[in-house]
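*Asks:* sharing a model prediction with you, sequence too.
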Amino acid sequence: MNVTGHTRRSVSIRDVATAAGVSYQTVSRVINNHPSVKPSTRDRVLAAIDELGFRRNSNALALASGRSRAVTVLTSNTTHYGYASILQGIEEAARAAAYTVGVGVLESTDAADEPAIDAQVRRAADAGGGLIVIAYDPAGVRALGAVPAELPVVGVVETPATPPGGDRPWVWADDREAAYEATRHLLSLGHETVHYVAIPSSTRRTSARTTGWRQALREAGAPEPRPLQGSWGPAGGHAAGRKLAKDTGVTAILCGNDDLALGVIRALHEAGRAVPGEVSVAGFDDAPHSAYLTPSLTTVRLDFTGLGRSAFALLHGVLEESAQIAPHPVSVPELVVRESSGPPPGRG
């Protein structure tokens, strides 16, 4: 507020132009380091900028450069650990590059509701800039497929069954390898087989995590139990854990994420089955709480925040015309062994 009690008006690019005695287009060229400006004119504009305290914002920069420095993220969820961490990574990288980030939460999580999802994609496209779609579920996959061909877009996807072509600007964490390593770890402790509680798949078919689990069992010649379908949260793990706890032949369980593992461990405790004394449990993602459970959770760490940064970096390169679409960044998993896994009964 100034002394008259009125809000001070922000200094505009036209104010700078008037003070420097040049056109506002010339001020734009100075701001963006265009080589066609005379040194004396550049110095005069810079002096006016300093004197007036002009600060360029993202909108001014967009007007000056002809580009919208904005990114919209489309996702069906903002609270699950993986989704939230990807959003964090995107925001961090975008902020460092002076981009703004908007988030569009898909109103319908049912991929069959094509009109609603397509309408949201159109709204995101109308906002300008680029688009990142988190396609970890059928609705996200539908949204990614509905993006107009002319709009710069990057998809954060499940591990593809085969390497995509250069026209698919996708990033992913290697879920298949992560599940494979976790299953091999449990088998190496002496367990005859490993049961699996799965998270929902983006394709409604076999997920990459399920594929990695099954591959490890087959290579070891171990029995392949039927996977139990869980949800994303502890309640789904608890329901699956109650079923598994009744079978005394179950000695090792891999869960599709750490929240499922939390529910499974609770169900085993209620059934009087000790972890890891009777049953070993491993999770997925290395969510912050996994190290502080009792027992602490063996899990597979996936760098979702880094994945979000990679997604923005790929899109940024396309928007700034400074990078090719390919190759696709891949987040490499890391097995984290903690207290919840051990040898089966009688092998300790």
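*Replies:* On my side now, so go ahead.
*Asks:* all strands for the stretch 201-348 of the chain, in order.
*Replies:* 228-229, 252-255, 280-282, 299-301, 330-331, 334-336 (DSSP state E, counting those that start in this stretch).
*Asks:* reformat those strands as JSON lines; add mean neighbour count and distance to Arg218.
*Replies:* C-betas here are computed from N, CA, C, even on glycine. Shown next, in JSON lines, are the strands of the stretch 201-348 of the chain (neighbours: other C-beta atoms under 10 Å; distance: least, C-beta to C-beta, whole Å):
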{"stretch": "strand 228-229", "mean neighbour count": "18", "distance to Arg218": "19"}
{"stretch": "strand 252-255", "mean neighbour count": "30", "distance to Arg218": "15"}
{"stretch": "strand 280-282", "mean neighbour count": "27", "distance to Arg218": "18"}
{"stretch": "strand 299-301", "mean neighbour count": "26", "distance to Arg218": "19"}
{"stretch": "strand 330-331", "mean neighbour count": "18", "distance to Arg218": "24"}
{"stretch": "strand 334-336", "mean neighbour count": "15", "distance to Arg218": "20"}
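*Asks:* what helix or strand is the most centrally placed residue in the chain located in?
*Replies:* Nearest residue to the geometric centre of the chain (C-alpha atoms, centre = their mean): Ile86, 2.8 Å. According to DSSP states H and E, Ile86 maps onto helix 81-96.
*Asks:* before we move on, the earlier item: I'd like the strands of the stretch 201-348 of the chain laid out as a markdown table, including distance to Glu219.
*Replies:* Shown next, in a markdown table, are those (distance: least, C-beta to C-beta, whole Å):
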| stretch | distance to Glu219 |
| --- | --- |
| strand 228-229 | 22 |
| strand 252-255 | 15 |
| strand 280-282 | 18 |
| strand 299-301 | 18 |
| strand 330-331 | 22 |
| strand 334-336 | 17 |
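*Asks:* closest to Ala240 out of those?
*Replies:* Checking the strands of the stretch 201-348 of the chain against Ala240 by C-beta to C-beta gives strand 228-229 as the closest, at 4.3 Å.
*Asks:* need the residues that contact that closest one.
*Replies:* With C-beta atoms under 8 Å, 6 or more residues apart in numbering as the test, strand 228-229 has contacts from His195, Tyr196, Val197, Ala198, Pro200, Ala240, Lys243, Leu244.
*Asks:* ok, of those, which come out buried?
*Replies:* Buried by 16 or more other C-beta atoms under 10 Å: His195, Tyr196, Val197, Ala198, Pro200, Ala240, Leu244, out of the contacts of strand 228-229.
*Asks:* paired strands for the helix or strand harbouring the third one, with orientation please.
*Replies:* In this case it means Val197. Remark: Val197 resides in strand 195-198, with elements defined by DSSP H and E. Strand pairing for strand 195-198, determined by DSSP bridges: strand 228-229 (parallel), strand 252-255 (parallel).
*Asks:* now what about the helix holding Ile86, what contacts it?
*Replies:* 71, 73, 75, 77-78, 100-101, 103, 132, 134, 136, 156, 257-259, 285, 287-288, 302, 304-313, 316.
*Asks:* list the buried residues of that helix.
*Replies:* For helix 81-96, by 16+ other C-beta under 10 Å, it's Tyr81, Gly82, Tyr83, Ala84, Ser85, Ile86, Leu87, Gly89, Ile90, Glu91, Ala93, Ala94.
*Asks:* show me the helices in the stretch 101-250 of the chain, by range?
*Replies:* Taking DSSP state H, counting those that start in this stretch, the helices of the stretch 101-250 of the chain run over residues 114-126, 138-146, 175-188, 208-220, 234-245.
*Asks:* could those helices go into TSV alongside distance to Arg338 and mean pLDDT?
*Replies:* Formatted as TSV, the helices of the stretch 101-250 of the chain follow (distance: least, C-beta to C-beta, whole Å; pLDDT from 0 to 100):
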stretch	distance to Arg338	mean pLDDT
helix 114-126	39	86
helix 138-146	31	90
helix 175-188	11	96
helix 208-220	19	95
helix 234-245	17	96
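*Asks:* export the ones you listed to a markdown table and tack on distance to Gly342?
*Replies:* What follows is the helices of the stretch 101-250 of the chain, written out as a markdown table (distance: least, C-beta to C-beta, whole Å):
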| stretch | distance to Gly342 |
| --- | --- |
| helix 114-126 | 45 |
| helix 138-146 | 37 |
| helix 175-188 | 10 |
| helix 208-220 | 18 |
| helix 234-245 | 17 |
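*Asks:* ok, back up a step: which one among the contacts of strand 228-229 gets closest to Ala143?
*Replies:* Closest to Ala143 out of the contacts of strand 228-229 is Pro200 (16.0 Å), distances taken as C-beta to C-beta.
*Asks:* any idea how far that closest one is from Glu158?
*Replies:* Distance, Pro200 to Glu158, using C-beta to C-beta, to the nearest Å: 11 Å.
*Asks:* same question for Gly230.
*Replies:* For Gly230, the distance to Glu158 equals 16 Å [C-beta to C-beta].
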